[in-house]
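*Asks:* please work out how this folds:
(2 chains)
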2 protein chains.
Amino acid sequence: MRIGHRPERDKRVTTHVALSSRALGAKGIYVDTYDPVLEENIRSVVDRFGGDYTIHTGVSWKEAMKDFSGKVVHLTMYGQQVVDAMPKIPKDEDLMIIVGASKVPFEVYERADFNVSVGNQPHSEIAALAIFLDRYTEGKALYEDRGGKMKVIPNERGKTVVNTD
Amino acid sequence: MRIGHRPERDKRVTTHVALSSRALGAKGIYVDTYDPVLEENIRSVVDRFGGDYTIHTGVSWKEAMKDFSGKVVHLTMYGQQVVDAMPKIPKDEDLMIIVGASKVPFEVYERADFNVSVGNQPHSEIAALAIFLDRYTEGKALYEDRGGKMKVIPNERGKTVVNTD
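*Replies:* Numbers count the residues shown, from 1 in each chain, chains lettered A, B, ... in the order given. Okay, the predicted model is just below:
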């Protein structure tokens, strides 16, 4: 769940948030502000590279949380340390991860099950989300086969892309 | 080393690259395109939050590589898998990590000691850099004390910032 998305200003950063979460095994993203261009860009990647990652924009975080039955993790540099939080987060429930673009309403801090920091230095919600998901999935999500039309084959010195379209 | 930085288009993403690398223990960043605004923003964070992270912009990657004696890692979705690469990367030498904004010249692929993928799905150089550094530092860099005037204290439900200025 991406909060505070401003289509013009945040288009590239929110695209990174979506693609990183997809690469690290998330099932989809909600973005609070309606943004059809962002939706189209992400769906185009899913169409080419596979999987069933979904994107919905124009979804308020209150609405998303209301309809959600799993645990909610809010990533913030002010939260408890990720090493302390991780063992408390259940692996057998769905997880909603909230990342803010601009300032996050205090209600999110109150209603999240876990406020988690990935470092207590100012840095990047993309980096925080990536590290959180890499640790949460124990490194297993990164190279999952998504059955896409385009596949990148690891190569020590060049580019190998297989296009089965 | 950030390659292909376009000050207007990439200002936010390159800021995330710099701040994430700082939060994860890097000593500094080179950016190929001259960008005094970016320099000022990053130095302002260092001034408040501590440490001795440096930023130099207007530095070509060829120049940076020529003067560098450690190993060079180029992060790219086309490279060898990070799990395969990591054990080969020495921990007792300096490391330069190259991340591209736009297309990276093929010469970088040829001259890097390691072309490393953090997942072979399209995602984010910020996410790739963050995961790479988190694994490289074995999770130890995130909460290092940097002796800054401003310090964030972990809090499960709110914000605690100590300002010793």
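*Asks:* which stretches of chain A form helices?
*Replies:* For chain A, helices defined by DSSP state H occupy the ranges A:7-23, A:36-49, A:61-66, A:82-85, A:106-111, A:125-136.
*Asks:* any part of the fourth one near chain B?
*Replies:* Yes. Under the criterion of CB under 8 Å from any CB of the partner chain, chain B is reached by helix A:82-85 at A:82, A:83, A:84. (Each C-beta comes from the backbone N, C-alpha and C, glycine too.)
*Asks:* want to throw the residues you listed into JSON lines with neighbour count?
*Replies:* Formatted as JSON lines, the residues of helix A:82-85 next to chain B follow (neighbours: other CB atoms under 10 Å in any protein chain shown):
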{"residue": "A:82", "neighbour count": "25"}
{"residue": "A:83", "neighbour count": "13"}
{"residue": "A:84", "neighbour count": "14"}
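*Asks:* out of those, the closest to residue A:98 would be?
*Replies:* Nearest to residue A:98 among the residues of helix A:82-85 next to chain B is residue A:82, at 14.6 Å by CB to CB.
*Asks:* most tightly surrounded among the helices of chain A?
*Replies:* Among the helices of chain A, helix A:125-136 has the highest mean neighbour count (mean count of other CB atoms under 10 Å in any protein chain shown), at a mean of 26.
*Asks:* just want the angle from it to helix A:7-23.
*Replies:* Relative orientation of helix A:125-136 and helix A:7-23, computed by axes from the mean of the first three to the mean of the last three CA atoms, to 10 degrees: 10 degrees.
*Asks:* and helix A:125-136, how far out from the chain middle?
*Replies:* Mean-position distance between helix A:125-136 and its chain equals 8 Å (CA atoms, centre = their mean, to the nearest Å).
*Asks:* quick one: mean pLDDT for that helix?
*Replies:* Confidence for helix A:125-136, expressed as mean pLDDT, is 98.
*Asks:* now do stretch A:74-85
*Replies:* On average, stretch A:74-85 scores 97.
*Asks:* how about residues contacting it?
*Replies:* Stretch A:74-85 is contacted from outside by A:73, A:97-100, A:104, A:108-109, A:112, A:114-123, A:125, A:128-129, A:131-132, A:135, B:139, B:142-143, B:152, B:154-156, B:158-161, using CB atoms under 8 Å, 6 or more residues apart in numbering or on different chains.
*Asks:* just the buried residues of these.
*Replies:* Taking 16 or more other CB atoms under 10 Å in any protein chain shown as the criterion, what is buried in those is A:73, A:97-100, A:104, A:108-109, A:112, A:114-121, A:123, A:125, A:128-129, A:131-132, A:135, B:142-143, B:152, B:154-155.
*Asks:* just the CA coordinates for stretch A:69-89, please, in CSV.
*Replies:* Presented in CSV, the C-alpha positions along stretch A:69-89 are these (Å, rounded to 0.1, in the frame of the first residue of the first chain):
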residue,chain,number,x,y,z
SER,A,69,-7.6,-9.7,7.3
GLY,A,70,-3.8,-10.2,7.7
LYS,A,71,-1.2,-8.2,9.5
VAL,A,72,-0.2,-4.7,8.5
VAL,A,73,3.4,-3.5,8.6
HIS,A,74,4.2,0.2,8.2
LEU,A,75,7.8,0.8,7.2
THR,A,76,9.1,4.0,8.8
MET,A,77,12.6,5.1,10.0
TYR,A,78,10.9,5.8,13.4
GLY,A,79,9.7,2.2,14.0
GLN,A,80,11.2,-0.7,15.9
GLN,A,81,14.3,-2.3,14.4
VAL,A,82,13.6,-4.8,11.7
VAL,A,83,15.7,-7.5,13.4
ASP,A,84,13.4,-7.2,16.5
ALA,A,85,10.2,-7.1,14.5
MET,A,86,10.8,-9.8,12.0
PRO,A,87,10.5,-12.8,14.4
LYS,A,88,7.1,-11.4,15.6
ILE,A,89,5.6,-11.2,12.1
